[in-house]
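Enquirer: coords please:
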Amino acid sequence: MPDTQLRSPFEQKDEVLTQTPVILPTISHRALLSLRESAKVIGTKGHTIQRSREVNHVKIGLSEKQPGCSDRVLSCAGTIANVANALGDMVDTLNDSDNETEMESERYSFHFLNHILPAPSREEIKDAEQLKNIGTLRLLVTNSQLSSIIGKGGNKIKSLIDRHGVKIVASRDFLPDSDERVLEMQGFPGSITSALVEISEILLNEMDIAFASERRYYPHLRKSNSSVIGKGSEHTSGSQEIENRVLGQNYEAIVHVPEAYVGAIVGRQGNRIANLRKYTKTKIIVEKKTRNEQPPDDQQTRTFTIVGDHQKNVKLAESMLLKNLSAEIGKHESRILNANSETQQ
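Expert: Numbers count the residues shown, from 1 in each chain. All right, here's what the predicted structure looks like:
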């Protein structure tokens, strides 16, 4: 008679109750604000920004005020819907201004703060009262992100404009000492919110690697802090330092990967490193390959910088990255041994 193994009802109950927790995708967006707008977003004694944190369940903060600069960068991180709602609320807050006509006529010396899109006319909005509810968001996007949002032949950005009833245009120039441009969105706060949800989904579905060459903008006097992005700080740009401090991303790990194994670690179209980032909830920055026509040798390495909110997540990503590297090295050595044995035979 075959020996059957019975499982206790407690074991069966545990198995039924054990469920994989639902992990909602997260996003981090940055917006450019003038000093006047920043003060309004913060509110009296920080009440407005604190309320946004509590109501929308997001991490939100502003870069430090730099002497001589007329702008600040707002960073907002959380789930896609929560971040979109928080930024939509910010647009609504900026619309509630007693000095509307004064702000419309104001021109900034830092031209990125000046509106790209003209104000909507009464021909577009029949109800004159509704004109006051039209707001603007200056979203900061890297050049590669902008390409994803525009889409092939502009099909994605046209779809965003038609579906959500917003106007969207990108600045021609890059912000100083960076690879970021302003993506200006104009419309009702609710329409901007729904468009942001779709933009976030587009960005998360694209190749999920942030190359070190794509420098983030941070408020500064032009060229005064150029050394921050120089050789002495090749892993983290000044803007990333600001964003890390604002959002509480204080943990970092660095892994040096031999050039010969970088492709295998990153995976086809970046899918392997993208999965690692999503699983560990960390940001992995891959150092850009230097231009070198010679084939990689054993001494050449690329730097993988891991950044995250929690130390355990960073350590998990580091451990998995090293495990993947060890596995690829083992495969390579195995292929060499097999080749040698076939040659000897």
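
Enquirer: Going by C-alpha atoms from here, please, whenever you check contacts or count neighbours.
Expert: Noted.

Enquirer: Rounded mean pLDDT for stretch 67-77, please.
Expert: Averaged over stretch 67-77, pLDDT sits at 92.

Enquirer: does the closest residue to Ala170 other than its chain neighbours have beta-bridge partners, and which?
Expert: Excluding the flanking residues, the one nearest Ala170 by C-alpha to C-alpha, 6 or more residues apart in numbering is Leu183, at 4.4 Å. Beta-bridge pairing for Leu183 (DSSP bridges): Leu139, Ala170.

Enquirer: Please work out how many residues are found near Leu183.
Expert: 21 (other C-alpha atoms under 10 Å).

Enquirer: My read is that it contacts Asp173, right?
Expert: No - using C-alpha atoms under 8 Å, Leu183 is not in contact with Asp173; the gap is 11.0 Å.

Enquirer: Disregarding flanking residues, what is the spatial nearest neighbour of Leu276?
Expert: Ala317 (6.9 Å).

Enquirer: Look up how far Ser334 lies from Thr93.
Expert: According to C-alpha to C-alpha, to the nearest Å, Thr93 and Ser334 sit 62 Å apart.

Enquirer: who has more neighbours, those two?
Expert: Neighbours per residue, other C-alpha under 10 Å: of Thr93 and Ser334, the larger number sits with Thr93, 17 against 12.

Enquirer: And the pLDDT at that one?
Expert: 94.

Enquirer: what about it, helix or strand, and which?
Expert: Using DSSP states H and E, Thr93 sits in helix 80-95.

Enquirer: now do Tyr218
Expert: Secondary structure assignment for Tyr218, by DSSP H and E: no helix or strand.

Enquirer: before we move on, the earlier item: what helices or strands is the helix holding Thr93 leaning on?
Expert: strand 26-34, helix 35-42, helix 47-56, strand 71-79, strand 135-142, helix 189-205 (3 or more C-alpha pairs under 8 Å, 6 or more residues apart in numbering; DSSP states H and E).

Enquirer: can we see that at 10 Å?
Expert: Identification of packing neighbours for helix 80-95 by 3 or more C-alpha pairs under 10 Å, 6 or more residues apart in numbering; DSSP states H and E yields strand 26-34, helix 35-42, helix 47-56, strand 59-62, strand 71-79, strand 135-142, helix 189-205.

Enquirer: quick one: it to strand 135-142, angle?
Expert: 130 degrees (axes from the mean of the first three to the mean of the last three C-alpha atoms, to 10 degrees).

Enquirer: Quick one: the strands in the stretch 151-300 of the chain, in order.
Expert: Ranges of strands in the stretch 151-300 of the chain, per DSSP state E, counting those that start in this stretch, are 167-170, 180-187, 210-211, 251-258, 283-286.
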